[in-house]
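K.L.:
kindly return the folded structure for what I paste below:
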Amino acid sequence: MPNQKTEKPTPTYLTPGCARKLRAELKEILYQLRPEMVKTAAWAASNGDRSENADYHYAKRKLRQYDGRIRFLTKRLEEATIVDPVEQQKIANGRVLFGGTVTVENEAGEEKVFSIVGADELDASRGYISWVSPIGRALLGSKVGDTVSFMTPGGLTELEIISVEYKTLE
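P.N.:
Numbering: from 1, shown residues only. Purely as a prediction, here's the structure:
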């Protein structure tokens with residue numbers, strides 16, 4: 001049998017704030033949204049012919065969506081490693097680690113601030129970037145004064161690390 005590459009799955013890292021949000025979403029679906037939709041489906045089913053009952057079909061489709069999201073969230077929270085950015089500071093030794101907030105300067109002299117987070121927390125408007133993104137991978141392990149390079153659709157980009165801090169992210 002030929003050698004087959006067995007890739008390890010990418011680990012799932014979450015900040016405590018993200019884990020709280022995912023747990024809250026799961027709780028809302030399990031204890032509010034889904035039970036309400038079960039009642040709607042039961043009501044719609046009681047109206048007779050289900051083959052042409054739009055309310056029934058909508059409720060069943062919505063229940064399938066909720067069930068899929070419940071499975072996703074449950075698995076995500078079970079396999080996730082929750083990493084507190086404040087705790088990361090204790091082991092960082094000035095390096096950029098998951099959860100770090102990094103101020104960088106680009107080639108044009110503009111400063112930008114990025115927080116390295118998990119894939120479930122991406123929010124470009126807040127500067128939250130994934131640790132597996134090209135810029136996230138380039139920043140990880142770097143220190144103040146380092147210049148990091150990574151490829152973008154526009155070509156090679158270089159950033160200089162100005163500061164690194166570890167704070168609670170919400």
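K.L.:
pull up the distance across stretch 144-162, start to finish.
P.N.:
5 Å (C-alpha to C-alpha, to the nearest Å).
K.L.:
what are the contacting residues of it?
P.N.:
94, 96, 102-107, 111-112, 134-135, 137-139, 142-143, 163-164 (C-beta atoms under 8 Å, 6 or more residues apart in numbering). For every residue, glycine as well, the C-beta is placed using N, CA and C.
K.L.:
what of stretch 16-23?
P.N.:
Under C-beta under 8 Å, 6+ apart, the answer for stretch 16-23 is 14, 73, 76-77, 80, 82, 84, 117-118, 120-121, 168-170.
K.L.:
before we move on, the earlier item: of the contacts of stretch 144-162, which belong to helices?
P.N.:
Those of the contacts of stretch 144-162 mapping onto helices are 134-135, 137-139, per DSSP state H.
K.L.:
who does the helix or strand hosting residue 157 pair up with?
P.N.:
Using DSSP states H and E, residue 157 sits within strand 155-166. Here strand 155-166 is paired, per DSSP bridges, with strand 100-106 (antiparallel), strand 147-152 (antiparallel).
K.L.:
relative to the whole chain's centre, how far out is that strand?
P.N.:
21 Å (C-alpha atoms, centre = their mean, to the nearest Å).
K.L.:
likewise for stretch 125-135?
P.N.:
10 Å.
K.L.:
list the buried residues in that stretch.
P.N.:
128-131, 135 (16 or more other C-beta atoms under 10 Å).
K.L.:
what's the closest of the strands paired with strand 155-166 to residue 34?
P.N.:
Using C-beta to C-beta as the measure, strand 100-106 is the one of the strands paired with strand 155-166 that comes nearest residue 34, at 36.5 Å.
K.L.:
residues contacting that closest one, please?
P.N.:
85, 88, 92, 96, 111-116, 139, 157-167, 169.
K.L.:
okay, now the unreliable bits of the chain?
P.N.:
1-6 (pLDDT under 70).
K.L.:
which parts of it belong to which domain?
P.N.:
13-82, 85-166 (automatic domain parsing).
K.L.:
and of the ones you listed, who's closest to residue 7?
P.N.:
domain 85-166 (13.2 Å).
K.L.:
for the most far-flung residue of the chain relative to its centre, give me phi and psi.
P.N.:
Computed with C-alpha atoms, centre = their mean, the residue of the chain farthest from its C-alpha average is residue 48, at 43.1 Å. When quoted as degrees, to the nearest 10, the phi and psi of residue 48 stand at phi 110, psi -140.
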